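Participant: When you get a sec, could you give me coordinates for this:
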Amino acid sequence: MKKQWWKESVVYQIYPRSFMDSNGDGIGDLQGIISKLDYLKKLGADVVWLCPVYDSPNDDNGYDIRHYQQIMDEFGTLEDWEELLEGLHERGMKLIMDLVVNHTSDEHAWFVEAQKSKDNVYRDYYIWRPGKNGEEPSNWMSYFRGSAWQHQPETNEYYLHLFSKKQPDLNWENEQVRKEVYQMMTWWLDKGIDGFRMDVINLISKDQRFPDAEETGDSSYHWGGEYFVNGPRVHEYLQEMNWEVLSKYDIMTVGECLDVSPEEAVNYVAEDRNELNMVFHFELMNVGNGPLGKWDIIPWKLSDFKRVMHKWQQTLKDRGWNSLYLNNHDQPRMVSRFGNDDRYRIESAKLLGTLLHTLKGTPYIYQGEEIGMTNVNFASIDDYRDIETLNMFHEYTQSGHQHDLLMQSIYERSRDNARTPMHWNQREHAGFTTGTPWIQLNPNYTAINVEEALSDPNSVFYYYQKLIQLRKEHPVIVYGDYELLHEEDEQIYAYTRSLEQEMLIVVLNFSEQEAEFMLNENIKYSDSQLLIHNYEIQDKGISKQFTLKPFEARVYKLLT
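Facilitator: Below is the predicted model:
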């Protein structure tokens, strides 16, 4: 495969509201991020992905954009943003911005005009339909629960919103909408940014018939994804975007693609398709989901987890590029979900980091992951801020679900798990703010924080630093082939990475018990070297058989 800088990079995701507050208003901001750039450089990050900082009424924490070329007052000014970009570039790091163009805010100037009358010049910038038999145009359910259609009395029509009713979907069938989007993208790229993370980009094309979805369950609204996920013109639009904008710059692009299979992903990321560099898929995030979705939590097995990872590694081999992540601003903390956030928090945080940084693809670190931050259990639903969490709680409460069971699901899966403020030190509010934080902190910040991590040579932070450095020193980690070992083992995830004469073997014990590992007989080597490990080990060479401690991780280099 072609060598590219974005394949060799490690990305650090910043959720600005929760990263660092510089002015004491309790909300993270751009000057706060600027003050921590040396920290990111010390870690070894190559690229920062900045979640939305655009002007927004903040119904969905910035993913409802009121003006694409202005900065939200709470975060600072365009001058602050320019200082951030310059500070990153001075340190040899790059910046990618969130691109949210499936929908806007209902306070965007286009929508303010669009809702005035059916013949307004901006009307066709959004998706409007008359009602059907006195009800919505179709029975589609929003991602945030309830109907995906909102009635607008002034014109007696409904507009589509796949997310919040304050996030009306743009009409990509309208060529003028596409032109406006491309002009906006060009404006940011000409300012010097290094790419885009594209929010729900595989939803921009809808089946123009807007048919009813199949009825499942007793709800009034039903899942209509087959009519808007990977829709009929999505590849046409992305190829046009690439031709008009992306191909003119040396940038990276990653598309958030809901409900995409690895086979479908190839259509987005194959190098001869001229669409995107990589996608964020959700198949791994669905491990442990019951029949009713993310709030219906069931036990998961390591073989389920491996099967998803393996499938994506194999399907995209020599055809496209993987993004590697285990948590982000929309997902719970990975050490709480896939590791052990109690007795083996440090060991399992290191193990999960080892997995992400030794598979084939570009690793994404979510803020706080590098110090092993965990999920939070707020005492009351009133302490939560996430619109998805609150909508689910109120809808399920009204339909008779038990309060304690709902709270348990929230403790495990709420997006607010990832959105509690970053832990900088042991002082009040973890050094995040001198004011009142916009959302409560996780009380364990006194034990888990950056200051503590930087003072401990065995911390998760320094382990991540070493993982990032290993990736830069060993091209096999970036470009080598991947092969899974012991596929059905329910404790151990092991695989090899091979490039020319070099082979790495990665052995990970995903359990709280000791596990026996046996090297495959067909793996031949003359010598070995232990590159990284999360327990003290006396013998640095690999054995044909060895015992792994709970959540132990080892990476060996084999000389053939």
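
Participant: these two touch, right, His474 and Glu502?
Facilitator: Yes: His474 is within contact range of Glu502, at 7.3 Å (criterion: Cβ atoms under 8 Å). (C-beta placed from N, C-alpha, C; glycine too.)

Participant: what do these two both touch?
Facilitator: Both His474 and Glu502 are contacted by Lys557, under the criterion Cβ atoms under 8 Å, 6 or more residues apart in numbering.

Participant: More neighbours: these two, which one.
Facilitator: His474 (19 against 16; other Cβ atoms under 10 Å).

Participant: Tell me the predicted confidence for the more buried one.
Facilitator: The per-residue pLDDT reported for His474 equals 97.

Participant: likewise Pro550?
Facilitator: The model's pLDDT for Pro550 equals 98.

Participant: show me the residues around it that make contact.
Facilitator: Pro550 sits next to 340, 344, 347, 509, 511-514 when contact means Cβ under 8 Å, 6+ apart.

Participant: Let me know the secondary structure of it.
Facilitator: Here Pro550 takes the coil state, with states given by DSSP: H, G, I helix; E, B strand; the rest coil.

Participant: Doesn't Ala349 belong to a strand?
Facilitator: No: using three-state DSSP, the assignment for Ala349 is helix, not a strand.

Participant: ok, for it, nearest residue in space, not its chain neighbours?
Facilitator: Closest residue to Ala349 apart from its sequence neighbours, by Cβ to Cβ, 6 or more residues apart in numbering: Gly372 at 3.8 Å.

Participant: How about Thr104?
Facilitator: Nearest residue to Thr104 in three dimensions, chain neighbours excluded: Ile65, at 5.5 Å (Cβ to Cβ, 6+ apart).

Participant: how about the one you found, what does it touch?
Facilitator: Taking Cβ under 8 Å, 6+ apart as the test, what Ile65 contacts is 52, 54-56, 100, 104-105, 108.

Participant: next one: Glu83
Facilitator: Counting by Cβ under 8 Å, 6+ apart, Glu83 has contacts 30, 34.

Participant: Return the distance of it relative to Thr77.
Facilitator: 9 Å (Cβ to Cβ, to the nearest Å).

Participant: same deal with Lys3?
Facilitator: Taken as Cβ to Cβ, the span from Lys3 to Thr77 is 38 Å.

Participant: Those two: who's more crowded?
Facilitator: Thr77 (15 against 9).

Participant: shaky segments in the stretch 101-250 of the chain?
Facilitator: Applying pLDDT under 70 to the stretch 101-250 of the chain flags no residue at all.

Participant: Phe163 is in contact with Asp59, correct?
Facilitator: No: between Asp59 and Phe163 there is no contact under Cβ under 8 Å: 9.2 Å.

Participant: Comparing these two, which residue is more hemmed in?
Facilitator: Phe163 (23 against 17).

Participant: Quick check on that one: phi, psi?
Facilitator: Here is the backbone geometry of Phe163 (degrees, to the nearest 10): phi -120, psi -130.

Participant: which ones are touching Ala553?
Facilitator: Ala553 neighbours (Cβ under 8 Å, 6+ apart): 347, 350-351, 354-355, 506-509, 532-534.

Participant: in the sheet, who's paired with it?
Facilitator: Legend: beta-bridge partners of Ala553 under DSSP bridges are Leu508.

Participant: Show the pLDDT at it.
Facilitator: 98.

Participant: Tyr396 now?
Facilitator: 89.

Participant: So it: helix, strand or coil?
Facilitator: helix.

Participant: One more: the one 5 residues further on?
Facilitator: Under the three-state scheme (three-state DSSP), His401 adopts coil.

Participant: how close does it sit to Phe393?
Facilitator: In terms of Cβ to Cβ, His401 sits 9 Å off from Phe393.

Participant: Give me the more crowded residue out of the two.
Facilitator: Phe393 (21 against 15).

Participant: Shouldn't the more buried one be within a helix?
Facilitator: Yes: residue state for Phe393 (three-state DSSP) corresponds to a helix.

Participant: Does it touch Ile381 like I think?
Facilitator: Yes: Phe393 lies in contact with Ile381 (Cβ under 8 Å); the separation is 5.4 Å.

Participant: so who does Val266 touch?
Facilitator: Counting by Cβ under 8 Å, 6+ apart, the residues that Val266 touches are 315-316, 319-320.

Participant: tell me the pLDDT at it?
Facilitator: 98.

Participant: do the same with the one 3 residues further on
Facilitator: Note for Val269: predicted pLDDT of 98.

Participant: Begin at 55, not 1, for the rest of this chat.
Facilitator: Let's use 55 as the start, then, which means that last one is Val323.

Participant: List phi and psi for it.
Facilitator: phi -120, psi -10.

Participant: For the residue nearest to it when sequence neighbours are not counted, give its distance to Gly415.
Facilitator: Once flanking residues are discounted, Val323 sits nearest to Gly374: 3.5 Å by Cβ to Cβ, 6+ apart. Distance, Gly374 to Gly415, using Cβ to Cβ: 10 Å.
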